[in-house]
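S.K.: model the following, please.
(chains A and B)
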Amino acid sequence: MRRLLKIYMEKPELAGIVFLLLLAAVFQFQTDGAFLNAYNMQGILGILPEMALVAIGVTLLMICGEFDLSVGSVFALTPMVMAVLIQDGWPFLPAIMAGMATALLIGFVNGFLTIRFQIPSFITTLGMLFVARSITVVISGGFPPVLPRDALPRGMFTSFVGPNDLFRMSFVWFVLVAVVVSLLLSRTNFGNWVRATGGFLPAAQAMGIPTARVKTACFMLCSLLAGFAGTIQVMRLGAPLPSIGEGLELQAVAAAVIGGTALTGGIGTILGGIIGATLIRVIDNGLVLSQVDANWFKLAIGSLTIFAVILNSWLRKKAKAMKVET
Amino acid sequence: MADPIIKIRNLHKWYSGVHALKGVSLDIQPNEALGLVGDNGAGKSTLINILSGIQQADEGEITIDGEKVNFRNPRDAMDRGIETIYQYNSMVPTMSIARNMFIGREPLKASFMGVGIMDRKRMAEESVQAIADVDLHLRSPDALVGELSGGQRQGVAIARAMHFKSKVMILDEPTNHLAVKETQKVIGFVQSLKELGITAIFISHNIHHVFECCDRIVAMARGEVVLDRRTEETNMEEIHSAL
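M.R.: Numbering: from 1, shown residues only, chains lettered A, B, ... in the order given. Here you go, the predicted structure:
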């Protein structure tokens, strides 16, 4: 029993799941059953993947000991590059590839500058937040490009699927990415290097791990996922607005932290980041349905973030102090 | 005497104007336990960092088993059988024992371009075995290294070095910040290396510890070797006055 309790306490994402269920019950009660009905679920599950994909990348990068504030801007830039190229007459596939390549390039630049000049990634990516947003607005020319209705293969990304059209295709992509990145982190040698690099850099270096390459790979993956998420959102909305994704970087960090990822690196799980993102979406949606003034949303997310970090560090300390015989 | 396993010739290292190593030459015999002593800034760490591939020498050469080597990173040194155990730096506290044992050398079931699926069953089994081999008793290979005592951590680091069949083990201040009982345990590990045919280089501030487990003592000061004697041919006073 004590052993189970210890395992539970060492996994903050489990506390997140419990909180999520609790919250769902409260909202369900508050809204007279409107929260869990099919239409509302369809709404939540339809837009969750966009934020969750960003959170997956940010969580991975934070476990590796780095930070990315530019994801919100990459979220807008990637689909903008794609849209501008489609408007210029490019077919969809090369255009989306060019968008993704832009995201990868930004991730690479973030990693390169951070590592080469040994500056905090907080600063590098803060700079990149402005740079990428600026480029987005400039290449859009101030007016979002108008895309022909059939230019985007919506069927592959945003059409409704599943029983009662409960999901969008984006949800399938999200699950796929979540499983792959989770396995990458927990089952592969690369995951082991990521955890070692973020957990204790000198040890990782002393053991001969190419920490610079590991970090750069995480920066690039994080950027790529943000770009992919933005592309999905643009396909859902049908038009690339230069302003999408503003503030998303901090929500993604909040999601990772709520899910138990430590700012110091080395600790956290992809599942935790996803649960954090789900919690944020559920709170957003639940508050609206409960007819609470929507401006309380940020207060709720803010308090939850602080509370989650305090709870997680307390649980971790308690679990560590708990001696279990095996 | 047999041919030296490590031969260091005229090694120099400068740090922006500071001459940290001034032509160090040293032969290390196979299966020898060498004690390296010296004050802070004497050049011990620089020498060790070069031997373990963390830094590169500006001048001079190192040969291992008669072959000239040039380590560009720690992995090169490990591949030549030189394993270094640092005071703090060899374990990641937030990771399990099994994962720590295999950092950078994970057994893979399948791989593509160097990235692959870890054989976790093998990692668990082999780490349990390796830990038992150094006579250390730990709960499970899934316990976090952060939950172990300092002495246990050094034990796991030594078990790791043995598991990968290292020929030379460099122990950089392994007894710092350890309780007396744990210090004895670590010294016991060093003594047992000899029976296993492993060459040990033991770096310590504490000359008593060096006397306890080393065959030969080398003292460094101001970037040079100032004394090199068999343990039985020297004493504390001589070493103190040399430093």
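S.K.: center of the chain - which residue?
M.R.: The chain I'm using is chain A. Nearest residue to the geometric centre of chain A (CA atoms, centre = their mean): A:A55, 1.4 Å.
S.K.: sorry, I should have been clearer: chain B.
M.R.: Note on chain B: the residue nearest the mean C-alpha position is B:I170, at 1.7 Å, using CA atoms, centre = their mean.
S.K.: could you check how far that one is from B:A20?
M.R.: 18 Å (CB to CB, to the nearest Å). C-beta here means a position set from N, CA and C on the backbone, and glycine is covered the same way.
S.K.: which intervals of the chain have sub-threshold pLDDT?
M.R.: In the absence of a named chain, chain A is used. Along chain A, the model assigns pLDDT under 70 to residues A:1-2, A:323-326.
S.K.: chain B was what I was after
M.R.: Along chain B, segments meeting pLDDT under 70 span B:1-2, B:89.
S.K.: what's the following helix or strand after the host helix or strand of the residue nearest to the centre of chain B?
M.R.: Following DSSP states H and E, one finds B:I170 within strand B:168-172. Going down the chain from strand B:168-172, the next helix or strand is helix B:180-195, by DSSP H and E.
S.K.: what angle do that next one and strand B:168-172 make?
M.R.: Orientation check (axes from the mean of the first three to the mean of the last three CA atoms, to 10 degrees): helix B:180-195 against strand B:168-172 gives 160 degrees.
S.K.: report the beta-bridge partners for the residue nearest to the centre of chain B.
M.R.: B:I170 has these beta-bridge partners by DSSP bridges: B:T84, B:I201.
S.K.: check contacts around the residue nearest to the centre of chain A.
M.R.: Residues in contact with A:A55 (CB atoms under 8 Å, 6 or more residues apart in numbering or on different chains) are A:252, A:255-256, A:259, A:273-274, A:276-277.
S.K.: so which bits of chain B are right by chain A?
M.R.: Within chain B, the positions near chain A by CB under 8 Å from any CB of the partner chain are B:52-54, B:73-76, B:78, B:84, B:86, B:88-95, B:99, B:102-106, B:108, B:111, B:114-118, B:120, B:139-140, B:146-147.
S.K.: re earlier: what would the contacts of A:A55 look like in a markdown table with neighbour count and distance to chain B?
M.R.: Output for these, formatted as a markdown table (neighbours: other CB atoms under 10 Å in any protein chain shown; distance: CB to the nearest CB, whole Å):
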| residue | neighbour count | distance to chain B |
| --- | --- | --- |
| A:A252 | 35 | 22 |
| A:A255 | 31 | 20 |
| A:A256 | 32 | 16 |
| A:G259 | 28 | 16 |
| A:G273 | 34 | 17 |
| A:I274 | 28 | 21 |
| A:G276 | 35 | 19 |
| A:A277 | 29 | 23 |
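S.K.: residue contacts, the residue in chain B that chain A sits nearest to?
M.R.: For chain B and chain A, the shortest gap (CB to the nearest CB) falls at B:R75, measuring 3.1 Å. B:R75 makes contact with A:208, B:53, B:104, according to CB under 8 Å, 6+ apart.
S.K.: mind running it again at 10 Å?
M.R.: A:207-210, B:53, B:104-105 (CB atoms under 10 Å, 6 or more residues apart in numbering or on different chains).
S.K.: can you check A:D293 too?
M.R.: A:L287.
S.K.: quick check: phi and psi on it?
M.R.: Backbone dihedrals for A:D293, given as degrees, to the nearest 10, come out at phi -50, psi 120.
S.K.: now do B:F211
M.R.: phi -60, psi -30.
S.K.: ditto for the one 10 residues further on
M.R.: Note on B:A221: backbone dihedrals following degrees, to the nearest 10 are phi -150, psi 140.
S.K.: in the sheet, who's paired with it?
M.R.: So, taking DSSP bridges as the rule, B:A221 has B:E224 as bridge partners.
S.K.: count the neighbours of it for me.
M.R.: Neighbour count of B:A221, defined by other CB atoms under 10 Å in any protein chain shown: 17.
S.K.: wait, doesn't it sit right on B:A242?
M.R.: Yes. With contact defined as CB atoms under 10 Å, B:A221 and B:A242 form a contacting pair (7.1 Å).
S.K.: what do those two both touch?
M.R.: B:37-38, B:227.
S.K.: in helices only, show me these.
M.R.: Among those, no member falls in helices (DSSP state H).
S.K.: got the contact list for A:K317?
M.R.: Contacts for A:K317 (CB under 10 Å, 6+ apart) come out as A:M9.
S.K.: tell me how far it lies from chain B.
M.R.: Per CB to the nearest CB, to the nearest Å, A:K317 is found 11 Å from chain B.
S.K.: so the residue nearest to the centre of chain B touches B:S204, yeah?
M.R.: No. Contact criterion CB under 10 Å: B:I170 and B:S204 do not qualify, at 11.9 Å.
S.K.: mutual contacts of these two, please.
M.R.: Both B:I170 and B:S204 are contacted by B:L36, under the criterion CB under 10 Å, 6+ apart.
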